[in-house]
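>>> A structural model of the following input is requested.
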Amino acid sequence: MALNIEALVVSPLQQNCYLLSCDQTQECIVVDAGDVGEKIWDYVQSKGLKIKWLVNTHAHVDHVSGVAALKKLSGVPFLMHKNEEMILDMLLPSQGMYGFGDGLVPTIDEYLQEGQEYTFGQETFKVILTPGHTPGGVCLNFGDHIFVGDTLFNGSIGRSDLPGGNSEQLLQSIHSELMCLDPETKVYSGHGDPTTIGFEKQNNPFLV
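Residues are numbered from 1 along each chain as shown. Next comes the predicted model:
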């Protein structure tokens, strides 16, 4: 059993949309469909995968602008933390400001719950609440892999100067929820290359 991980780089902001699938059942989830929902759907179809959920780490424009179209095409539920609703409410103005997106705002079907486990196929992830970049930002922990949205990057951390951001809260989230994980845990961020918890502990200038 293995978790298949594919990063689809979307939007002018070069955001990592992750397609995570169970190699035993071909069931999958789409994490942070940030743009071009139709193209993501076509790619999923070409792989013969079946989407169970659309899951978002947070609701910034470059992470959520493909969700509405993908939800319409796939007919599957959209999951995100309740505290992201205030950010989702800013989606249309943000799309206008950044010049991409389809002018649609997806409806959240189920709120992600802190500490709850979710299973697709034979894969399970646990929701970790990591506010600071946004009020309801979450990470999806698969044990040896974690998907952190824009909370933590390879050599950096998320910005906290946008509405709903809080720099002190962000650093607290990173230290209390992420730096305590196994150093070998592979970290997949919303932008850029993967890293590990151990590497960031030793080298991230915001954390050392």
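
>>> Could I get the full set of helices for this protein?
For the chain, applying DSSP state H gives helices covering 37-46, 61-64, 67-74, 85-88, 91-98, 167-173, 197-203.

>>> Which stretches in this structure count as strands?
Using DSSP state E, the strands of the chain run over residues 3-10, 15-22, 27-31, 50-55, 78-80, 110-111, 117-120, 123-129, 138-141, 145-149, 152-153, 156-157, 186-189, 195-196.

>>> mind saving the C-alpha coords of the fourth one as PDB?
Once non-C-alpha atoms are left out, strand 50-55 reads as follows in PDB (Å, rounded to 0.1, in the frame of the first residue of the first chain):
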ATOM      1  CA  LYS A  50     -12.200   8.500  -8.500                       C
ATOM      2  CA  ILE A  51     -12.400  11.600  -6.300                       C
ATOM      3  CA  LYS A  52     -13.900  11.200  -2.800                       C
ATOM      4  CA  TRP A  53     -13.400  14.800  -1.600                       C
ATOM      5  CA  LEU A  54     -12.000  18.200  -2.500                       C
ATOM      6  CA  VAL A  55     -10.000  19.300   0.600                       C
END
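
>>> which neighbours does that strand have in its sheet, and in what orientation?
Sheet pairing of strand 50-55 (DSSP bridges) gives strand 27-31 (parallel), strand 78-80 (parallel).

>>> How about the last one?
Using DSSP bridges, the strands paired with strand 195-196 are strand 186-189 (antiparallel).

>>> Give me the contacts around the strand it pairs with.
Here strand 186-189 makes contact (CB atoms under 8 Å, 6 or more residues apart in numbering) with 5, 7, 16, 18, 144-154, 178, 194-197, 200. Placement of C-beta: from N, CA and C, glycine included.

>>> Swap in 6 Å and give it another go.
His145, Ile146, Phe147, Val148, Phe153, Pro194, Thr195, Thr196 (CB atoms under 6 Å, 6 or more residues apart in numbering).

>>> Next, the buried residues of it.
Within strand 186-189, the residues that qualify as buried are Lys186, Val187, Tyr188, Ser189, counting by 16 or more other CB atoms under 10 Å.

>>> What residues are bridge-paired with the third one?
For Tyr188, the residues forming beta bridges with it (DSSP bridges) are Phe147.

>>> Numbering from 268 from now on, please.
Done: numbering now begins at 268, and the last item shifts to Tyr455.

>>> quick one on the thing from earlier: deepest-packed of the helices of the chain, please.
Of all the helices of the chain, helix 328-331 carries the top mean neighbour count, a mean of 27, counting by mean count of other CB atoms under 10 Å.

>>> which regions of the chain lie under the pLDDT threshold?
The chain contains residues with pLDDT under 70 at 268.

>>> Centroid-wise, who is the farthest residue in it?
What lies farthest from the middle of the chain is Val475; by CA atoms, centre = their mean that is 24.9 Å.

>>> How about it, nearest residue that isn't a chain neighbour?
Once flanking residues are discounted, Val475 sits nearest to Gln469: 6.9 Å by CB to CB, 6 or more residues apart in numbering.
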